[in-house]
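Student: Sequence below, structure please.
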Amino acid sequence: MGLDEDALDYHSEDPPGKLEISTTKPTNTQRDLSLAYSPGVAAPCRKIAENPDDAYTYTAKGNLVGVVSNGSAVLGLGDIGAQASKPVMEGKGVLFKRFADIDVFDIELDQQDAADIIDSVDAMEPTFGGINLEDIKAPECFEIESELRDRMDIPVFHDDQHGTAIISGAGLVNALDIAGKDIEDVEIAMSGAGASAIASARFYVSLGAKKENITMCDSTGIITEERAKAGEVNEYKAEFARDVEEGDLADAMEGADVFIGLSAPGIVSQEMVRSMADNPIIFAMANPEPEIGYQEAKDARDDTVIMGTGRSDYPNQVNNVLGFPFIFRGALDVRATDINEDMKVACAEALADLARQDVPDAVVKAYGDQPLQFGPDYIIPKPVDPRVLFEVAPAVAEAAMESGVAREEIDLDDYRDRLEAKLGKSREMMRIVLNKAKSEPKRVALGEGDDEKMIRAAYQMQEEGIADPVLLGDEGVVESTVERLGLDFEPDVVDPDTVDTEQYAERLHEIRKRNGVTRSEAEDLVRKDPNYLGSVMVEQGDADALLTGLTHHYPSALRPPLQVVGTAPDADYVAGVYMLTFKNRVVFAADTTVNQDPDEEVLAEVAQHTADLARRFNVDPRVAMLSYSNFGSVDTEGTEKVRNAAAKLREDPAVDFPVDGEMQADTAVVEDILQGTYEFSDLDEAANVLIFPNLEAGNIGYKLLQRLGGADAIGPMLVGMDEPVHVLQRGDEVKDIVNLAGVAVVDAQSEE
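Tutor: Numbering: from 1, shown residues only. I've put the predicted structure just below:
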């Protein structure tokens, strides 16, 4: 089945299209409906009549964008008309929602006259928080956007003009840096003189390029002052007319540092590429086929060619989805009246900066594990990088406030946290912990410190101020990896082959000598096993916490900390806890990694430790002791121990959280069951701390919730240790290491 057939099936599957309207408030009861419509709706109507700005408070206006087109210039299809453009506009709505959680109404206008379109869109201002113009042909698009920006008090943005300009501008900033060239000095040759080309040229001038250094070509050739005077080009092309001799694209490219293609496929030859200046930059952005193929341009010369296209199957894709969702997100959230040049520049600069940062493992995996590191083949972030939202939108919002077009001032740190929460409950919960960690960073030892993931995690911890990382491993390997990855930091490394480990060996011998560990064996252990070295460092106070286990089996990584650090004074047992986050719910699951067949004493203690952990995430614990029995419905040795553990906790005056059991899992988490059938329960709300009866159940349960229930899992977090120690899962990503480091730092803060 070909792509066309697949696409038709995709769009026609019931329900047809790609968008739907869903309610955001309860509509289950007669009272709900009376609030949603008559008579309750009259109250917000009166408020808005008194103060129009209250529309942002009582309606969806502040998160609603109108995507407007007349279908006169649909990418790759041309003038196909308003009706035929609807799938494209729905697709635009999908991207707004997917990447920035912005709702969209797509508006297809069967109008050709610019004045008619202007009047129609202007009349819709009460409905929308912003307008995204799309696929309207030049030169009418310039007039339409300009007039609407003057008339309307909400942002109006023609993405065909500015989207390509902003994303290619971000790539150009980074490409010039790699090539060692200054934007003020470079010669830029442009193929194409339509909406996106003219807007791109204007934007490059905003970034610092000189207008007189831009040579623009249309289908006839170089746009010269002679042609402009003769009336051969419209007023928008004439803006970039140069006082040079007439010529074609080959003439324009000769000696140029940069080529920008927004025209037609296959019109640039290798010979034209060879005529350019040293280390040229080529953005061939015609779609679906570029002006010159990626490999063809690379093969044309022996020096470095930094190449970008509009295609996803080559490096450096210039993709508008990196811009418009996040620009509108920032603009809407400060209720901007306009999207001005300062906001567009801020977007480009934020994207350029993001491309220089370490790339999350999830993004690398999404692109087939190909290396993604700042350099000639990676100058623009990937569209699926989740950080674009909370890097670009705040930059745009800040520029709006500083340039005077924002009607609402916001705290940017708080705003960044709110944006990150849009990416999932797990990010919201981890942000609580990471912010606590930043308030007082601690020294965190990282076992397997010469592993690339550990080094990248250490860089992020230090960069974000979460922790002071200490890498345990080969110093030479660490230094070469830091250099290879281009990480700008000087890591703290403890290399057992070069530092004096005698004191650590002596202490390990003292702790384990009655368990058969000789002095020489202790020396070998601290030199050859980072888990022992890190454990003794923590026990001795030379590190505040330890993270390990990335390349070890869990039991072998856990054994040294248990032997050296041991349990806390008020604890006899440790346990592994996962925090599972759903869309609107957080659950802590224990024990999932340590105790195979706990008795009632162990279960009770694990429940207390897990409740304490929940509070570190600002969650008030409600504990359910799980079983396959509900409050004595089955009486066996297994159900009895769970029942007794729950009773032990309820009778303990030091326990200050609600707890009950034994109970089945659905009883614990479904409030209607808990309060309907078992109204006598001590839990008046669904449980958020689930204590499983044994390791087998706990491990199976959390993995089912994660895989089938769609939960994000953070952990395992060890509770009950005397000092903060956490054992990673083999193959964890960098973000998992950083998250557990944040938990460890907060643990260490609590220890104080």
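Student: where's residue 580 relative to residue 361, distance?
Tutor: Relative to residue 361, residue 580 is positioned 20 Å away (CB to CB, to the nearest Å). For the C-beta atoms, the positions are set from N, CA and C on the backbone; glycine is no exception.
Student: So for those two, which sits in the more crowded spot?
Tutor: residue 580 (26 against 18; other CB atoms under 10 Å).
Student: Please list all residues in contact with the more buried one.
Tutor: Contact partners of residue 580, counting by CB atoms under 8 Å, 6 or more residues apart in numbering, are 586, 587, 588, 589, 702, 705, 706, 709, 711, 712, 713.
Student: Swap in 7 Å and give it another go.
Tutor: Shown in contact with residue 580 (CB atoms under 7 Å, 6 or more residues apart in numbering): 587, 589, 702, 705, 706, 711, 713.
Student: how near is it to residue 688?
Tutor: From residue 580 to residue 688 the distance is 10 Å (CB to CB).
Student: which neighbours do the two share?
Tutor: Contacts common to residue 580 and residue 688, judged by CB under 7 Å, 6+ apart, are residue 587.
Student: now stretch 292-307, how far from the centre of its chain.
Tutor: 32 Å (CA atoms, centre = their mean, to the nearest Å).
Student: okay, the helix or strand of the chain with the lowest mean pLDDT in CSV with CA atoms only?
Tutor: For the chain, counting by mean pLDDT, DSSP states H and E, helix 3-12 ranks last in confidence among helices and strands (a mean of 80). Only the C-alpha atoms of helix 3-12 are listed here, as CSV (Å, rounded to 0.1, in the frame of the first residue of the first chain):
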residue,chain,number,x,y,z
LEU,A,3,1.7,6.6,1.0
ASP,A,4,-1.3,8.1,-0.7
GLU,A,5,-3.5,5.1,0.2
ASP,A,6,-2.2,5.1,3.8
ALA,A,7,-3.0,8.8,4.1
LEU,A,8,-6.5,8.5,2.7
ASP,A,9,-7.2,5.6,5.1
TYR,A,10,-5.8,7.7,8.0
HIS,A,11,-8.0,10.7,7.2
SER,A,12,-11.2,8.8,6.4
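Student: Give me the most central residue, the chain.
Tutor: In the chain, the C-alpha nearest the mean C-alpha coordinate belongs to residue 386, at 1.8 Å (CA atoms, centre = their mean).
Student: quick one: low-confidence ranges for the stretch 301-450 of the chain?
Tutor: For the stretch 301-450 of the chain, the stretches with pLDDT under 70 are 369.
Student: mind listing the helices for it?
Tutor: For the stretch 301-450 of the chain, the helices defined by DSSP state H, counting those that start in this stretch occupy 324-333, 341-355, 361-366, 387-403, 412-422, 425-439.
Student: picking up where we left off before, could you tell me which of the contacts of residue 580 belong to helices?
Tutor: Using DSSP state H, the subset of these located in helices is 702, 705, 706.
Student: who wins for neighbours among those residues?
Tutor: Counting neighbours by other CB under 10 Å, residue 702 leads the ones in helices among the contacts of residue 580 with 28 neighbours.
Student: Tell me how far it lies from residue 708.
Tutor: For residue 702, the distance to residue 708 equals 11 Å [CB to CB].
Student: and the lengthiest helix in the chain with helix 341-355, angle?
Tutor: Using DSSP H, we find that the single longest helix of the chain is helix 159-179. Angle of helix 159-179 versus helix 341-355, following axes from the mean of the first three to the mean of the last three CA atoms, to 10 degrees, is 50 degrees.
Student: Helix 159-179: how far from the chain's middle?
Tutor: 21 Å.
Student: Check stretch 220-228 too.
Tutor: 45 Å.
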